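Student: starting from these lines, generate the structure:
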Amino acid sequence: MSTTLNPDTLPAMPDLHDAALAARLQALLDNKTKPQGSLGALETLALRLGLILGTEAPLLREPQLVVFAADHGLAAHGVSAYPSDVTWQMVENFLAGGAAVSVLARQHGLALTVVDCGVRHSFGHRTGLIDAKVAWGSADALQGPAMTEAQCAQALANGAALVQRLPGNALLLGEMGIGNTSAASLLMSRLTGLDIADCVGAGTGLDAAGVQRKIEVLRAVLQRHSGAQTPLQALAALGGLEIATMVGAVLQAGAERRVIVVDGFITTAAVLVAAKLRPHVLQRCVFAHRGAERGHALLLAHLQAEPLLALGLRLGEGSGAALAWPLLVSACAIVREMASFDDAGVARRSATAPVTG
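Tutor: A predicted model of the protein is given here:
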C-alpha cells in the first residue's frame, strides 16, 4: 500500500452479487425440515455468510478477534470520563486475559490479538501483542490534523499487512482507546452529513454537562478541518490511529472475502470510512449489535445495517462481536447439517393447507 493517501492504491472490492448462488442457498434453506423462513434472521445470516464465502456449505475457520488500540490527543480536552492511561492499562488487561473480551474469546474459541497502533506506552515484546505503532498517539485535532497523511497511510498499510498474516476466513473487530468515541463521532458527522450533536454520546460515562462540552469541542474540531471532506482526508484529520489501522484491515479482509464481524460504534465508524472508499465492503460485513452509544443506531441506519443483537452494550473491545459469534457458527451449521424434507422423509406442507391457524 502506498505511503500517500491515494484511494486508487487501496484493495479492489468487487461486487459479490451472485444470483445463481443466492438462489441455490435459498432453495437449500427453504427445503430444510422446518416451515419456510421459520428461523428468521438466522436464515438471512446463513444466506449472507454463504454469499461472502462463495459456497453452499459455509464453514468458518480460525476466527480472529483483533483489538486495535491507540491514544488520542483530543482526550486532553476532557472528552472522556477516564484518563488516557487507561488505554495502556486495558491493553495490559487484555494481554493478562482479564478483560470482558478476553473472557468471551476464550469461551468461544476465538484467537485474540491486540495491536498497538499508537498507544502512549512501551510494551516491549509480548505474546498476543502486535507492534504496529505509527506514533505515540494521535495529535490534538483541535490544534491540527490528528494524523499526517504519511501516518494515516502507514496505519492503513499496517492494517492490511496484519490481515494478510492472519489465518482463517473471519475477522472480528475490536478497539481500545480513550477518546475514540470522539474520533468516531467526528468521522460519522463529516461522512454522513449528520449534525455532530446527533453523533455524540456519553462514551465511557460522561454526565450531561460533560456530553455538552464534548459536543462543543467536536464542533470546533469540525470547523477547523472544514476542508477535509473526502474519506481519506477526514480520516487523517479527525480519526485515530487505531481507526485508520482498522480501515486498512477491513479493506484487506474484504478483498480476501473474509467475513467481517463489526462490533460497536467505533468499529462501525471504521467500516463507514471503508465503505465510503469501497462500497462493496458492506457485503462482507455482519453487524454484531446495536450499542447504547447515541450515534450507533443512526450510523447503522445510514449503512442500512441490521445488527444481530441489541443488549445495551457500550463497552467496545470487540465484546459484542464475540457475543454474536455463536450465531454465525449456528447459521453455517444449519445450512451444512440440517436435513432436508427428502433426506429425513418428512412430508412437506400441504399446498391446500391454510396459511394461518
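Student: helices of the stretch 201-350 of the chain, start to end?
Tutor: 208-224, 231-238, 241-255, 265-277, 294-302, 319-337, 341-344 (DSSP state H, counting those that start in this stretch).
Student: what about the fifth one, distance to the chain center?
Tutor: Averaging C-alpha coordinates over helix 294-302 and over its chain gives two centres that are 13 Å apart (CA atoms, centre = their mean, to the nearest Å).
Student: report all helices and strands that that helix contacts.
Tutor: Where contact means 3 or more CB pairs under 8 Å, 6 or more residues apart in numbering; DSSP states H and E, helix 294-302 is packed against helix 180-192, helix 196-199, helix 265-277. All C-beta spots, glycine's among them, are computed from the backbone N, C-alpha and C.
Student: same check, this time on the fourth one
Tutor: Contacting helix 265-277 under the criterion 3+ CB pairs under 8 Å, 6+ apart are the following elements: strand 170-176, helix 180-192, helix 231-238, helix 241-255, strand 259-262, helix 294-302.
Student: quick revisit: quick one: which of the helices of the stretch 201-350 of the chain is nearest residue 120?
Tutor: helix 241-255 (10.8 Å; CB to CB).
Student: could you give me the average pLDDT of the closest one?
Tutor: Mean per-residue pLDDT for helix 241-255: 98.
Student: returning to what we had before: got the helices and strands packed on helix 294-302 as a markdown table, with mean pLDDT, mean neighbour count and distance to residue 208 columns?
Tutor: Below are the helices and strands packed on helix 294-302 laid out as a markdown table (pLDDT from 0 to 100; neighbours: other CB atoms under 10 Å; distance: least, CB to CB, whole Å):
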| stretch | mean pLDDT | mean neighbour count | distance to residue 208 |
| --- | --- | --- | --- |
| helix 180-192 | 97 | 28 | 16 |
| helix 196-199 | 97 | 21 | 13 |
| helix 265-277 | 98 | 28 | 19 |
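Student: quick one: closest of those helices to residue 9.
Tutor: helix 265-277 (10.8 Å).
Student: ok but residue 147 is inside a helix, no?
Tutor: No. Residue 147 is assigned coil when assessed by DSSP: H, G, I helix; E, B strand; the rest coil, not a helix.
Student: find the nearest non-adjacent residue to it, please.
Tutor: Spatial nearest neighbour of residue 147, excluding adjacent residues (CB to CB, 6 or more residues apart in numbering): residue 236 at 4.8 Å.
Student: burial count for that neighbour?
Tutor: Neighbour count of residue 236, defined by other CB atoms under 10 Å: 25.
Student: show me what contacts it?
Tutor: Neighbouring residues of residue 236 by CB atoms under 8 Å, 6 or more residues apart in numbering: 5, 145, 146, 147, 148, 149, 151, 152, 228, 244.
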